[in-house]
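In: predicted model, plus sequence, below.
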Amino acid sequence: QVQLLESGGGLVQAGGSLRLSCAASGRTFSISTMYWFRQAPGKGREFVSSLIRAGGITNYADSVKGRFTISRDNAKNTVYLQMNSLKPDDTAVYYCAVRTLGSTREYDAWGQGTQVTVSS
């Protein structure tokens, strides 16, 4: 199993930046893809970004493309989400998730979430 722990959320003014971290532990060697999702109040969970470990292929939601960057530190088993030019619409709880090799499930583990609040 893989366990995930997010950190780095907080309150920031519009136009500001934050960097979220997601530290993985457990069977980290089995991770194939790492994801960031978010859920705003009263809305469903929304895909933000993903990173495929083999090849480092990244993907972004249109709403964050050009402003957010996903990256990883393999030595620390950590994935980051650098968020720049933040907007009030980015306010949400941000979650990381992983998919593991050979899994038949869409996502195999989720973090507990970290709150990001962007004030106008």
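Out: Perfect, I can see it now. Numbering: from 1, shown residues only.

In: and the residue nearest the centre of this structure?
Out: Closest to where the C-alpha atoms of the chain average out (Cα atoms, centre = their mean) is Trp36, at 2.5 Å.

In: so that one makes contact with Met83?
Out: No: look at Trp36 against Met83 with Cβ atoms under 8 Å: they stay out of range, at 9.5 Å. Yep, even glycine has a C-beta here, placed from its N, CA and C like the rest.

In: got any residues that touch both of the two?
Out: Common contacts of Trp36 and Met83, defined by Cβ atoms under 8 Å, 6 or more residues apart in numbering, comprise Leu20.

In: ok, now which ones touch Ile70?
Out: 34, 36, 49-51, 58, 60, 79-82.

In: quick check: ChimeraX command selecting the buried ones in those residues.
Out: The buried subset of the contacts of Ile70, as determined by 16 or more other Cβ atoms under 10 Å, is captured in ChimeraX by this line:
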select :34,36,49,50,51,60,79,80,81
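
In: nearest to Ser17, of the contacts of Ile70?
Out: Of all these, Gln82 has the smallest distance to Ser17: 7.2 Å, by Cβ to Cβ.

In: list the contacts of that closest one.
Out: 17, 19, 68-71.

In: show me what Thr58 is bridged to.
Out: Beta-bridge partners recorded for Thr58 (DSSP bridges): Leu51.

In: how close does the residue nearest to the centre of the chain get to Gly102?
Out: Noted for Trp36: a distance of 23 Å to Gly102, by Cβ to Cβ, to the nearest Å.
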